[in-house]
Structures are given as C-alpha cells and as structure tokens.
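S.K.: Just a sequence and a predicted model for now, questions to come.
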Amino acid sequence: MKFQDGGINTYDKSRATEGFTLFAPLRHDKGYLINMDGEVVNQWQLNTGGVNRCRLTDSGNLFITEMSEDGPPLYAGKGGRIREYDWDGALVWEHHDGNQHHDARRLPSGNTLYIAWDPFDVATAKRVRGGLPGTEKEGVIYGDSIREVTSDGKLVWEWGTREMEIENYPICPLCPRAEFAHANTCSPLPNGDVLISFRVLNLLIIVDKETRKIKWERQDIAFGHQHDSHILDNGNILVFCNGFHGRDVDMASSVREFNPANGEVIWEFKAKPMTSFFSANISGAQRLWSGNTLICEGNRGCLFEVAPDGEIVWEYVNPYLSPHPAFGTTNWIFRAYRYAPDAPQLQGRF
C-alpha cells in the first residue's frame, strides 16, 4: 500500500499547544520525542520493540512496554517486558512477565501497574457467553489480570476478570472467543482505584482497589471497541471510540468526553465526513493543558491536535515503518503523549 507522506501536514502556531510529543511506532525498534515541527529531539534505541505504550517518568526516563518471546499464542497487544531507559538510552530497569499486554503504568509509589493475560480453567471458560463459536485460541479462553509489582518485581496486588459476573458480559458476537474482555487500558485514579477498558465488551469499569469490587461501570455499543479511557481533571472520562462494530456508523471513530454519573456527552470530536477518521484498533487521546485534545489515530499513524471547536490545528504522520506479523508493513502508533516545554520531565534537557 502507499502511505501518506510522513511529517507535519498542519501547524497553526496561533492555536496549537506548544510542547514535545512522545511516541514509539508499533513493533518498531525506537521511541521518539519530537518538537512541534516534527523534528526528533531525542530518540531511544529499544531492545525488542512491541506494543510500545510509552510515557516519561518524573525523572525524564522512557517507560515503555516491549515484546518477549514467551507468553500465550496471542499477538494483539502482546508485550511481556516493561522497561525503563534513561535519557541517553541506557536500560535502567526491567520487569518480565510473558503474559503482560497492552498497558503499563508507573505509580506514584514507584510500583508498576499492568495488564496480563490469565488463561481460564475449563469451568470458568464455560461461563463465557457470546463471540464467534469455535474461535478459542487452541481451545483456551484468556481472561485479564491487573497486576501491581514493586520495583524488585514482587506482586503486591492483583485483580482478575474471573472475579466478574462473567455471564452478565457477553462478548461482541462479531469478535473471537480467544479473549474474554480484552483489556487494553488500566488507568490508575488519584484515590488508588483503577479504571479499566474492555474492548470486546464495549465496557468501562472502575475497580475499588481495597474492596476489589466493581464500583462503577458503563457499557455502550457506541464505544465501538474503545481504547485509552481515563479520568480528566474535571472528573469526566475521555475515551477513544474506535467505531468498530459500532451502533450508528461503523468504521468511523470519535473521541468522546462524558460525565460518568449519567453518561452525558460533554464534548465529542467527529470528522467530516465521519469515515475520514477511523482506526479499527489501538489509538488514544490526551486532553492538553490548553483545552485542546491530542488524538492518536493509530491505524493511520497520524497524530493530530484539535481545538474545542473541532478544528485541526496540528497534524503529524509517522514516517517510520515497521513489519507486523498479521498486517504487513505499517506505520501504526499505539499511543502518543505531549509534554509542555516546562514539564518536569524535560527540565535541563534542551
């Protein structure tokens, strides 16, 4: 296929939010920090590449997920190694769990929270409803586990989907039964609770860390197999609605801010025409300090910033290509994150 030319396509200096944008292309061997002109100001050589959900730690180190050779025979979101590199690229910390996939977060305590696959036993698997019949992975259904480990790898907290009322959450009828739930985001809240996104259930939940109970949930087919749900400073939830197997218009993505108390949509970005903005999987969004929103349209390898009125004020297309075992050569991006010029993570760097 022919890829769109990489680099900066749009930059309205009067409306864009000045900063530096961090991303690592899917299954690529480098992570990049770029300025508003798309110029690389720092890059990290990775060991194995992978899903590459990345952020900077408070000290400015790169915190990133990469692939390991072990783990289940699943490739969607596969990780296995959570790594930390210093600014100059030296590996300074690593945690290995072959079941890790999609997301990982460094907590204020210094511990690490992440998602891991959890193979269901026969009795638990029998409770799973929905999905395409006969599509289990080698006869196995995998649930999810949210795990917290210390800096030396000690497991100190774990919660799993096997604790849910599984029968009440059927898998989307168009999705495989290899995974029950397919968690893709574990977002820690200020009080310690965890907001989790389950793609094939079109479901968001908040798990009370102390009681281990689900204290809030919202299920909506309009999420369209969503990604990157997180709480904003105003208490609303921002989520990337992929628009896959959706309700209104299939194959059209959106980014939605809604009130978790009643589901009211407070703000939403949709393209015109709607189908010109679509990513079937991966992807995410970040509300910037200016009030604008940085959007990662993962399957197009496109990062763009929109103002509250929906105008695109900055756009960058990833020029770095990588091989994918199922989809060939891609420029996909799992997530991206922008840092202000005066962010603590960047102090003394430039």
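M.R.: Perfect, I can see it now. Given the structure is predicted, the values throughout are model-derived calculations rather than measurements.
S.K.: which residue packs closest to the most centrally placed residue in the chain, ignoring adjacent ones?
M.R.: With distances taken as Cα atoms, centre = their mean, residue 228 lies nearest the centre of the chain, 4.6 Å away. What sits nearest to residue 228 in space, not counting adjacent residues and going by Cβ to Cβ, 6 or more residues apart in numbering, is residue 284, at 3.1 Å. Heads up, the C-betas are built off the backbone N, CA and C, glycines and all.
S.K.: for residue 110, same thing?
M.R.: That would be residue 151: by Cβ to Cβ, 6+ apart, it lies 5.5 Å from residue 110.
S.K.: count of neighbours near that neighbour?
M.R.: 13 (other Cβ atoms under 10 Å).
S.K.: same thing with residue 291?
M.R.: Residue 291: 10 neighbours (other Cβ under 10 Å).
S.K.: per-residue confidence for the residue nearest to residue 110?
M.R.: Note for residue 151: predicted pLDDT of 98.
S.K.: Surely it is in contact with residue 109?
M.R.: No: assessed by Cβ atoms under 8 Å, residue 151 is found out of contact with residue 109, at 9.4 Å.
S.K.: so what's the residue nearest to residue 110 up against?
M.R.: Shown in contact with residue 151 (Cβ atoms under 8 Å, 6 or more residues apart in numbering): 93, 110-112.
S.K.: Neighbouring strands - and their directions - for the lowest-mean-pLDDT helix or strand in the chain?
M.R.: Every helix and strand of the chain was ranked by mean pLDDT, DSSP states H and E. The lowest is strand 322-324, at a mean of 86. Its sheet considered, strand 322-324 pairs with strand 328-330 (antiparallel) by DSSP bridges.
S.K.: so where is the stretch 151-300 of the chain shaky, pLDDT-wise?
M.R.: 248-249 (pLDDT under 70).
S.K.: thinking again about what came up before, could you dump the contacts of residue 151 to CSV with distance to residue 320 and pLDDT?
M.R.: Shown next, in CSV, are the contacts of residue 151 (distance: Cβ to Cβ, whole Å; pLDDT from 0 to 100):
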residue, distance to residue 320, pLDDT
93, 25, 98
110, 32, 97
111, 32, 98
112, 27, 99
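S.K.: Tell me the one among those nearest to residue 208.
M.R.: residue 111 (17.7 Å; Cβ to Cβ).
S.K.: Would you map the helices across the stretch 51-200 of the chain?
M.R.: 122-125 (DSSP state H, counting those that start in this stretch).
S.K.: ok so, going back, OK, contacts around the residue nearest to the centre of the chain?
M.R.: 184-185, 197, 238-240, 283-285, 296, 335.
S.K.: ok, residue 218 to residue 138 distance?
M.R.: 33 Å (Cβ to Cβ, to the nearest Å).
S.K.: And for residue 155?
M.R.: Taking Cβ to Cβ, one finds residue 155 at 26 Å from residue 138.
S.K.: These two: which is more packed in?
M.R.: Each of residue 155 and residue 138 has its neighbours counted (other Cβ under 10 Å); residue 155 has more, 10 against 7.
S.K.: Leaving out sequence neighbours, find the closest residue to the more buried one.
M.R.: Residue 155 sits nearest to residue 149 (Cβ to Cβ, 6+ apart), 5.5 Å away.
S.K.: do the same with residue 283
M.R.: Leaving aside its chain neighbours, residue 283 sits nearest to residue 298 (3.8 Å; criterion: Cβ to Cβ, 6+ apart).
S.K.: Please report phi then psi for that neighbour.
M.R.: phi -60, psi -50 (degrees, to the nearest 10).
S.K.: just residue 274 next, same as before
M.R.: phi -60, psi -40.
S.K.: What are the neighbouring residues in contact with the closest residue to it other than its chain neighbours?
M.R.: Of all residues not flanking residue 274 in the chain, residue 252 sits nearest, at 3.9 Å (Cβ to Cβ, 6+ apart). Residues near residue 252 by Cβ under 8 Å, 6+ apart: 243, 246, 270-271, 274-275, 277-278.
S.K.: that older thread, mind telling me what element the residue nearest to the centre of the chain is part of?
M.R.: Assigned by DSSP states H and E, residue 228 belongs to strand 227-231.
S.K.: Quick check: neighbours of that strand in the sheet, parallel or antiparallel?
M.R.: Sheet pairing for strand 227-231, using DSSP bridges, gives strand 237-241 (antiparallel).
S.K.: For the strand it pairs with, output the C-alpha coordinates as PDB.
M.R.: Output of strand 237-241 as PDB, limited to C-alpha atoms (Å, rounded to 0.1, in the frame of the first residue of the first chain):
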ATOM      1  CA  ILE A 237     -13.900  10.500  31.200                       C
ATOM      2  CA  LEU A 238     -12.200  10.900  27.900                       C
ATOM      3  CA  VAL A 239     -12.200   7.800  25.600                       C
ATOM      4  CA  PHE A 240     -11.200   7.000  22.100                       C
ATOM      5  CA  CYS A 241     -14.300   5.300  20.500                       C
END
